[in-house]
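A.B. asks: Kindly return the folded structure for what I paste below:
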Amino acid sequence: MRVVPVPDCCWGRAGAVTSIESKSQLGSYEMALCDLIIRQARATGKSYNLPDTDGLGLVVSPAGGKSWHFRYYWLGKQKRMSLVTYR
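C.D. replies: Next up, the predicted model:
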């Protein structure tokens, strides 16, 4: 079983949870991205998304750039709006 440490900055209060052993341990709780996780995100050769809450997510490009995107539905179709770059 793999144990993943969770920094205190990612939780609403310090010391609430110190590690996650599985996704099922979280239940329906959604963890917002914290500055530490965002700074540690590195380029992997292709673009990937780090989801946040309520449709917001951070996209890491192959070159290492990071930008916030918002996913929403308009007339039944999913859309994505680019907001700002993360520096």
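A.B. asks: what sits opposite residue 60 in the beta ladder?
C.D. replies: Judged by DSSP bridges, the bridge partners of residue 60 are residue 48, residue 66.
A.B. asks: which residues does it contact?
C.D. replies: 41-44, 47-50, 66 (C-beta atoms under 8 Å, 6 or more residues apart in numbering). In short, each C-beta sits where N, CA and C put it, glycine included.
A.B. asks: how about a cut-off of 10 Å?
C.D. replies: Neighbouring residues of residue 60 by C-beta atoms under 10 Å, 6 or more residues apart in numbering: 38, 41-44, 46-50, 66-67, 86.
A.B. asks: can you list the domain ranges for this structure.
C.D. replies: 1-30, 32-87 (automatic domain parsing).
A.B. asks: Could you tell me the least trusted of these?
C.D. replies: For the domains of the chain, the weakest mean pLDDT is recorded on domain 1-30, namely a mean of 47.
A.B. asks: residue ranges of the helices in the protein, please?
C.D. replies: Secondary structure of the chain (DSSP state H): helices at 35-40.
A.B. asks: Quick one: neighbours of the closest residue to residue 67 other than its chain neighbours, just the number.
C.D. replies: Closest residue in space to residue 67, ignoring its immediate chain neighbours: residue 85 at 4.7 Å, by C-beta to C-beta, 6 or more residues apart in numbering. By other C-beta atoms under 10 Å, 11 other residues sit near residue 85.
A.B. asks: give me every residue that touches residue 85.
C.D. replies: Counting by C-beta under 10 Å, 6+ apart, the residues that residue 85 touches are 59, 61, 65-68.
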